[in-house]
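J.: Okay, sequence plus prediction incoming.
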Amino acid sequence: MQRTVRVVASAEASIASVRSSLRPRYLCLNASSRNLGGAATLGSRGKGAQRYFSETRHIRAGVAEAVLKEAATAPGSLTQETIIKNLDGKEKQRLDRIRNIGIAAHIDSGKTTATERVLFYTGRINAIHEVRGRDAVGAKMDSMELEREKGITIQSAATFCDWKKVENGKEEKYHINLIDTPGHIDFTIEVERALRVLDGAVMILCAVSGVQSQTITVDRQMRRYNIPRISFVNKMDRAGANPFKAVEQINQKLKIPAAALQVPIGTESEFKGVIDLINREALYNEGPRGETIRKTSEIPEDLKDLVEERRSMLIETLADVDDEIAEIFLDEKVPSPLQIKQAIRRATIALKFTPVLMGSALADKSVQPMLDAVCDYLPNPAEVENLALDKRRDEQPVKLVSYNSLPFVGLAFKLEESNYGQLTYIRVYQGTLKKGMNVFNARNDKKVKVPRIVRMHSNEMEEIPEIGAGEICAVFGVDCASGDTFTDGGLPYSMTSMFVPDPVISLSIKPKQSKDSGNFSKAMARFQREDPTFRVHVDLESEETIISGMGELHLDIYVERMRREYRVEVETGKPQVAYRETITQSVKFDHTLKKQTGGAGDFARVVGYMEPIPMGPTGYRPPTFREEITGGSISEKYLYACEKGFLLSCEKGPLIGHPVLGATMVVNDGAIHMTDSSEMAFKNATQQAFRKAFKEAKPQVLEPLMKTTITAPNEFQGNIVGLLNKRNAIINDTEIGPEDFTLIADCSLNAMFGFSSQLRAATQGKGEFGMEFSHYSPAPGQLQKELVAAHEKLQADRHKK
Ligand SMILES: Nc1nc2c(ncn2[C@@H]2O[C@H](COP(=O)(O)OP(=O)(O)OP(=O)(O)O)[C@@H](O)[C@H]2O)c(=O)[nH]1
């Protein structure tokens, strides 16, 4: 399990220290049977202790808070379990009934369609609208006009709902905060930031395609943030649906033990419902939109064997990942349904297992059992370890506790511009966020007042006076950047933010009419604030505004949003690839900068060598600078200037003006002049030495290779292999399914421009593809020559001007 709870040397000792800081009479609380919120129990200290008992009852809430406060401020003072055990009953129950979940999957698996059902069955919406449906309304969670038009999710959308789960004839209400994320890799940051703040996820798979390229990406992202997940095999109504193939693929390809909790009743258009393997019960959806679940213990005769076979497989898989089931299994006994459920919960939260459910969102089948599974098997906020870094204590990690009366700590994970100003999504990790409260931004210590708090329901909102720990909300009027931590000012905490991939593609952009430049700048500033993978900079040489992002679709969407939301028509240049430059051999340098133009001159001499850095596990490494000066020929401050000069040079390589990777510069000697040397002289000398040495070190242009996944009906395989061969792609894997095939290849990004339209033409619009940055690799010789020549011409033209 990666979500290790930091077991502290002695939790009890810490409790003792907290207690000793309290007045002595509190010692009557028994450490082993502390029940701070419930009835305080009497210690074994006899009558003296008894005398204090009644007093303690009055202040026990205070003690609870003191212990918890200490737990939250002293790094590693208590284990998460101890803290949770000590939460008072009400608080425990509140947390127990909260689930913060995300829905993530490959493109078009049915995330939005499934979310629409969830909202309908939980009573959040009164009617179901389909993605690209005939009623032209569009699904609730695809609220952006562009999303509805294109039928894709571009931005993640947050909502919440209450699900009434029936357990043993009793209704239990769960509050679910839910984020629907986009499937396209171009919008991957939306998945990253959602997973960063969620406690669990539903991974949706297509019953026909099983694990697809983006499922693998999503799997990686879930692992990055230690997110427990349940799996939902959707589209069981489609021809060729096979949920067990999907289960097998989760085991094999994602390498996470998985087992089905259900078997389908009927397949394809005859798909009627599922059999719950744990209770051996058939579940049928009834009513116009499948809103009623009819449960019966009558299992269709032809499915009885399959039910027993799959039930045994479930128990066997659990025995591999859960000790309690392993023991029962070894004793050749059969676990009870309750034992199975508890084991699934334990193993899922421990990231050792994923339970697989199945259904068809579009056909309104078997979505409710998936919601039950969210409540049954995904963790509540108190069961997830969330850490902050304590700035006072050398950034040591501290556990945050989802307890309402602790000091507030929250993370701003997403920004969005709305009609009422900037909306900031916040996950409250600890404490309570109240309207009108002052919060502090841990990045810059700025104090901001929270004027309004809302709960988001896609693009609608509901104003609330406060929000407790473990919840997700949005606030207005709080100026910050994505990933900022907020506290109540008392705790010097900051939380680590999400992983932000580097952009791979850029293009120049400018408004067609100069009158639009105000709105153009506004749009740029907003998009950049909202999306950390969208970058904007002005190229100092060409004076052009350059936007960079994750792919053509990503940038196209922003250009389109500029037109629609800001009424700015823009001109864009040809998309440019984010090339890099490197060297392939070691060279020595000995460079002197000497200028004597009357008055004070400039003097700096730098001696050393430049060499390639060996590749790291993820490829070329960032450039590094080292000094190996002996005898103090260059002083510390000038060496610092040398390093600055080197790093500056690496931002724009000498070959084609792109950043440098995989090169190290070592300065091991030099000379200074008593009056003429300066930091500026050493910086410039290093830059000049770098340019010369770089060109001598057999430099190379590197191009990004993209892991490209293409799926299309089998009959088009030949066409697609032809298209890829033309692009010199390296095909790494081909998988042929009953209808479709999937091909995984490494392609140069440069060769993939315009591929989407060619793929459409070659597959009658039935092919799909996705690209994701894989690694940098030397560009083909001819391309390198062309790029260098083009860069030289550009430089010469600029000089002429
Ligand atoms: N046959 C069938 N089609 C479905 C099912 N669920 C969704 N679809 C269809 O699959 C397509 C994609 O559905 P979405 O809900 O937009 O999928 P998504 O995963 O949210 O898509 P992105 O966010 O763009 O990746 C739509 O045309 C849906 O109608 C299902 O259970 N069965």
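T.: Happy to help now that I have it. Residues are numbered from 1 along each chain as shown.
J.: so where do the helices sit in the stretch 101-250 of the chain?
T.: Here the stretch 101-250 of the chain has its helices, by DSSP state H, counting those that start in this stretch, at 111-121, 145-150, 188-197, 213-224, 243-253.
J.: ok, which residues in the stretch 251-400 of the chain are in contact with the ligand?
T.: Within reach of the ligand by C-beta under 6 Å from any ligand atom, the stretch 251-400 of the chain has these residues: Ser360, Ala361, Leu362, Ala363. Heads up, the C-betas are built off the backbone N, CA and C, glycines and all.
J.: Determine which two of the residues you listed are furthest apart.
T.: Spanning the widest gap among these are Ala361 and Ala363, at 7.6 Å by C-beta to C-beta.
J.: So which of those two has more stuff around it?
T.: Set side by side, Ala361 and Ala363 show more neighbours around Ala361, with 28 against 19, by other C-beta atoms under 10 Å.
J.: Ramachandran angles for Gly631?
T.: With angles defined as degrees, to the nearest 10, Gly631 sits at phi 90, psi 10.
J.: which element is whichever residue of the stretch 451-600 of the chain sits closest to the ligand on?
T.: Nearest to the ligand, among the residues of the stretch 451-600 of the chain, is Leu553, at 11.0 Å (C-beta to the nearest ligand atom). Assigned by DSSP states H and E, Leu553 belongs to helix 552-566.
J.: Look at Cys375 and tell me its secondary structure.
T.: helix (DSSP: H, G, I helix; E, B strand; the rest coil).
J.: Return the residues in contact with it.
T.: By C-beta atoms under 8 Å, 6 or more residues apart in numbering, the contact list for Cys375 reads Arg99, Trp163, Lys165, Glu172, Tyr174, Ile176.
J.: What residues of stretch 481-490 count as buried?
T.: Residues of stretch 481-490 classed as buried: Ala481, Ser482, Gly483, Asp484, Thr485, Phe486, Thr487, Asp488 (neighbour count, 16 or more other C-beta atoms under 10 Å).
J.: Go back to those and keep what's next to the ligand.
T.: Of these, not one also sits near the ligand (C-beta under 6 Å from any ligand atom).
J.: In TSV, list those residues along with pLDDT and secondary structure.
T.: As requested, the buried residues of stretch 481-490 are exported to TSV (pLDDT from 0 to 100; DSSP: H, G, I helix; E, B strand; the rest coil):
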residue	pLDDT	secondary structure
Ala481	80	coil
Ser482	77	coil
Gly483	81	coil
Asp484	86	coil
Thr485	89	strand
Phe486	92	strand
Thr487	90	strand
Asp488	86	coil
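J.: from these, which is closest to Gln252?
T.: If you rank the buried residues of stretch 481-490 by distance to Gln252 using C-beta to C-beta, Gly483 comes first, at 35.1 Å.
J.: Next, count neighbours for the closest residue to the ligand within the stretch 201-350 of the chain.
T.: Nearest residue of the stretch 201-350 of the chain to the ligand, counting by C-beta to the nearest ligand atom: Lys235, 3.8 Å away. Look at Lys235: counted by other C-beta under 10 Å, it has 26 neighbours.
J.: Make sure it is actually in contact with Val208.
T.: Yes. Lys235 lies in contact with Val208 (C-beta atoms under 8 Å); the separation is 6.3 Å.
J.: which residue ranges form the strands in the stretch 601-750 of the chain?
T.: For the stretch 601-750 of the chain, applying DSSP state E, counting those that start in this stretch gives strands covering 602-612, 624-627, 663-671, 699-713, 730-736, 740-748.
J.: out of those strands, nearest to Lys92?
T.: Of all the strands of the stretch 601-750 of the chain, strand 699-713 sits nearest to Lys92, with 44.7 Å by C-beta to C-beta.
J.: Run through the neighbouring helices and strands of that closest one.
T.: If you count contacts as 3 or more C-beta pairs under 8 Å, 6 or more residues apart in numbering; DSSP states H and E, strand 699-713 packs onto helix 213-224, strand 580-583, helix 717-726, strand 740-748, strand 768-778, helix 781-800.
J.: Now do the buried residues in it.
T.: Buried residues in strand 699-713, defined by neighbour count with 16+ other C-beta under 10 Å: 699-712.
J.: Can you pull out the low-pLDDT segments for the stretch 251-400 of the chain?
T.: Within the stretch 251-400 of the chain, no stretch has pLDDT under 70.
J.: Which strand residues bridge Met461?
T.: Met456 (DSSP bridges).
J.: Do I have it right that it meets Val454?
T.: Yes. In this structure, Met461 is within contact of Val454 by C-beta under 8 Å, at 3.9 Å.
J.: Can you pull the residues that touch both of those two?
T.: Common neighbours of Met461 and Val454 (criterion: C-beta under 8 Å, 6+ apart): Ala474.
J.: Mutual contacts of Lys235 and Val208, please.
T.: Overlap of the contact sets of Lys235 and Val208 (by C-beta under 8 Å, 6+ apart) consists of Ala241.
J.: domains in this protein, as residue ranges please.
T.: Domain segmentation of the chain under the TED database yields 91-377, 387-495, 505-577, 581-697, 702-783.
J.: Dump these into a markdown table; add distance to Ala790 as well.
T.: Compiled in a markdown table, the domains of the chain are given as follows (distance: least, C-beta to C-beta, whole Å):
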| stretch | distance to Ala790 |
| --- | --- |
| domain 91-377 | 27 |
| domain 387-495 | 36 |
| domain 505-577 | 11 |
| domain 581-697 | 8 |
| domain 702-783 | 10 |
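J.: Can you pull the poorly scored residue ranges out of the stretch 1-150 of the chain?
T.: Residues of the stretch 1-150 of the chain meeting the criterion pLDDT under 70: 1-89, 130-144, 146-150.
J.: let's see 90
T.: Within the stretch 1-150 of the chain, the stretches with pLDDT under 90 are 1-96, 102-113, 115-116, 119, 122-150.
J.: got the end-to-end distance for stretch 528-547?
T.: Start-to-end span of stretch 528-547 (C-alpha to C-alpha, to the nearest Å) is 10 Å.
J.: Could you measure from Thr115 over to Glu91?
T.: Counting by C-beta to C-beta, to the nearest Å, the separation of Thr115 from Glu91 is 29 Å.
J.: Between these two, tell me which one has more neighbours.
T.: Each of Thr115 and Glu91 has its neighbours counted (other C-beta under 10 Å); Thr115 has more, 28 against 22.
J.: Could you verify that Asp502 is part of a strand?
T.: No. Counting by three-state DSSP, one finds Asp502 to be coil, located in no strand.
J.: Got phi/psi on it?
T.: phi -80, psi 150.
J.: ok, now the one 10 residues further on?
T.: Per-residue torsions, Lys512: phi -70, psi -30 (degrees, to the nearest 10).
J.: Adding distance to the ligand and mean pLDDT, write the helices and strands packed on strand 699-713 out as TSV.
T.: Below are these laid out as TSV (distance: least, C-beta to the nearest ligand atom, whole Å; pLDDT from 0 to 100):
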stretch	distance to the ligand	mean pLDDT
helix 213-224	8	83
strand 580-583	30	96
helix 717-726	21	91
strand 740-748	14	89
strand 768-778	10	84
helix 781-800	33	87
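J.: among these, which is the most enclosed?
T.: strand 580-583 (a mean of 24; mean count of other C-beta atoms under 10 Å).
J.: any idea of the mean pLDDT in the next helix-or-strand element following that one?
T.: Later in the chain than strand 580-583, the nearest helix or strand by DSSP H and E is strand 587-595. On average, the pLDDT along strand 587-595 is 92.
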